[in-house]
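Visitor: Sequence first, predicted coordinates after that:
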Amino acid sequence: MTGSAMKTINLDDIEALAVGAWILGTGGGGSPYLGLLNLRRLYAEGHRVQLMSPLDLADDDWVAVVSNMGAPLVGQERLADSRSIARAVRMQEEINGITFHAVMSVEIGGGNGMQALMAAAHLGIPVVDADCMGRAFPEAQMTSVAIGDLKPYPCTLYDPRGIEAVVTKVPSWKWMERASRKICVEMGSIASTSKAPRTGREVKDWGIHFTTTKAIAIGRAVEAANRSHQDPIAAILACEGGLRLFTGKIVDVERRTTEGFLRGSAVVEGSDDDRGTRLKLSFQNEWIVAWRDGEAIAMSPDLICVLDSVNGHGIGTETVRYGQRVTVIALPAPAVLTSPRGLAFVGPRAFGYDLDFRSLFATAGAP
């Protein structure tokens, strides 16, 4: 590392991060709540976490890339333990004979936006202000580092019962997803993982930068709007250049946990300006396609976010339920995801939908 100044993340930052990460999770990444509880406890015990710019990494610094892997609904049932993610990182050090200089989340979205902070608190290393998605995605190959064709292995997986597993080598990112997912399913469809180690140069070239500070800023905007009795959803849209898609009530939810994923759909019956119409949201851990009266109006990799209409907080695919009053918005995706190669990894066809990607922001003129 270059030794540049780092920012100590305080508890107010962590509270805001939990709000912002849940919004950026687009329904997935797991609820940040359990991670928030872990971090409150760690801070009460005297731990502190520092945040560093990805641009301050030395080219040869080693960076751990961490996440929980599995179905979000299972993550609600099995309580998080911050020591698990730290152990997955230590396994990588032992296997590769390296020492990590910093840690980052594979995805800023949802509870995985908190995983790097939990690991850092135990390991005594800083968190890099970056991730590999700028949101959340369900599969291992749906990252900026996979789009950049960086090495996909090794991957370590840890289960608090003492099960330790390593995928030592695979021919492709898709095979890493298949092999590690099978292990995850055997662990109960949830596992703490440390992905292939990245160098500082790789993070600078292929990381999606400053997403932790982005999530904190979104969370602060929501908190400020709620305190002043303003519209928190308008605050999010102003902060991120997003678009309001639909407002209504959840009238149907169908979901199932299969092969380590949470799959299904939710239906919103329109109210106010959307009265008389319906929006169907298809998901695989995350909201993938939004259909208004049968027509696809928003799709991955643009961020589809389902928010509580009153407080602006995110609603996950595992927590959405009948009767909730929701507002659905779209936020622009990072440019690497909407490139031709990026769309092969994270566009609607990557999820099995026979749709050509159409961004709401290419036509609306948003960034």
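Guide: Now that the structure is in, tell me what you want to look at.

Visitor: CA only for contacts and neighbour counts going forward, please
Guide: Fine.

Visitor: got the buried residues for stretch 137-155?
Guide: 137-147, 151-155 (16 or more other CA atoms under 10 Å).

Visitor: Over to stretch 215-226?
Guide: Buried residues in stretch 215-226, counted by 16+ other CA under 10 Å: 215-223, 225-226.

Visitor: Also stretch 99-110?
Guide: Neighbour counts over stretch 99-110 (16+ other CA under 10 Å) mark 100-110 as buried.

Visitor: just how off-centre is stretch 82-90 within its chain?
Guide: 18 Å (CA atoms, centre = their mean, to the nearest Å).

Visitor: related to what we said a few turns ago, from the buried residues of stretch 215-226, which ones fall inside helices?
Guide: Using DSSP state H, the members of the buried residues of stretch 215-226 that fall within helices are 215-223, 225-226.

Visitor: can you name the two of these that are farthest apart?
Guide: For these, the farthest-apart pair by CA to CA is Ala215 and Asn226; their separation is 16.7 Å.

Visitor: sorry, back to before: among the buried residues of stretch 137-155, which are in helices?
Guide: Per DSSP H, the subset of these in helices is 144-147.

Visitor: Near Glu318, how many other residues are there?
Guide: By the measure other CA atoms under 10 Å, the count of residues near Glu318 is 23.

Visitor: if I pick it, what's in contact with it?
Guide: For Glu318, the contacting residues are 27, 72-73, 262, by CA atoms under 8 Å, 6 or more residues apart in numbering.

Visitor: If we only consider those residues, which is nearest to Glu269?
Guide: Distances from Glu269 to these, taken as CA to CA, are shortest for Gly27 (18.5 Å).

Visitor: Skipping its backbone neighbours, what lies nearest that closest one in space?
Guide: Nearest non-adjacent residue to Gly27, counting by CA to CA, 6 or more residues apart in numbering: Gly316, 3.8 Å away.

Visitor: ok, the one you found to Asn285 distance?
Guide: In this view, Gly316 and Asn285 are 8 Å apart by CA to CA, to the nearest Å.

Visitor: Ala18 too?
Guide: Distance from Ala18 to Asn285, by CA to CA: 18 Å.

Visitor: for Ser271, same thing?
Guide: 26 Å.

Visitor: pretty sure Gly113 contacts Val127?
Guide: No: with contacts counted by CA atoms under 8 Å, Gly113 stays clear of Val127, the gap being 10.8 Å.

Visitor: Name the residue in the two with the higher neighbour count.
Guide: Between Gly113 and Val127, Gly113 has the larger neighbour count (other CA under 10 Å), namely 37 against 30.

Visitor: list the contacts for the more buried one?
Guide: Per CA under 8 Å, 6+ apart, neighbours of Gly113: 17-18, 21, 29, 32, 105, 107, 212.

Visitor: Between Ser271 and Asn285, point out the one with more neighbours.
Guide: Remark: of Ser271 and Asn285, Asn285 carries more neighbours, 30 against 17, as counted by other CA under 10 Å.

Visitor: next one: phi and psi at the more buried one?
Guide: With angles defined as degrees, to the nearest 10, Asn285 sits at phi 60, psi -50.

Visitor: Look up how far Ala266 lies from it.
Guide: Going from Asn285 to Ala266 by CA to CA gives 12 Å.

Visitor: buried sites along the helix or strand containing Ile23?
Guide: For Ile23, the element it lies in under DSSP states H and E is helix 11-24. Buried residues in helix 11-24, counted by 16+ other CA under 10 Å: 11, 13-24.

Visitor: And for it, what's in contact with it?
Guide: Helix 11-24 is contacted from outside by 28-29, 31-33, 36, 39-40, 43, 108-111, 113-114, 134-136, 212, 214-220, 222-223, 303, 305-307, 313-316, using CA under 8 Å, 6+ apart.

Visitor: Let me know the helix or strand that Gln115 is in.
Guide: Using DSSP H and E, Gln115 falls in helix 112-123.

Visitor: Send me that helix as CSV with only the CA atoms.
Guide: Only the C-alpha atoms of helix 112-123 are listed here, as CSV (Å, rounded to 0.1, in the frame of the first residue of the first chain):
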residue,chain,number,x,y,z
ASN,A,112,-22.4,-8.9,1.3
GLY,A,113,-21.7,-5.2,1.5
MET,A,114,-21.0,-5.7,5.2
GLN,A,115,-18.9,-8.9,4.9
ALA,A,116,-15.6,-7.1,4.1
LEU,A,117,-16.0,-4.9,7.2
MET,A,118,-16.6,-8.0,9.4
ALA,A,119,-13.5,-9.7,8.1
ALA,A,120,-11.4,-6.5,8.4
ALA,A,121,-12.4,-6.1,12.1
HIS,A,122,-11.0,-9.5,12.9
LEU,A,123,-8.0,-9.4,10.6
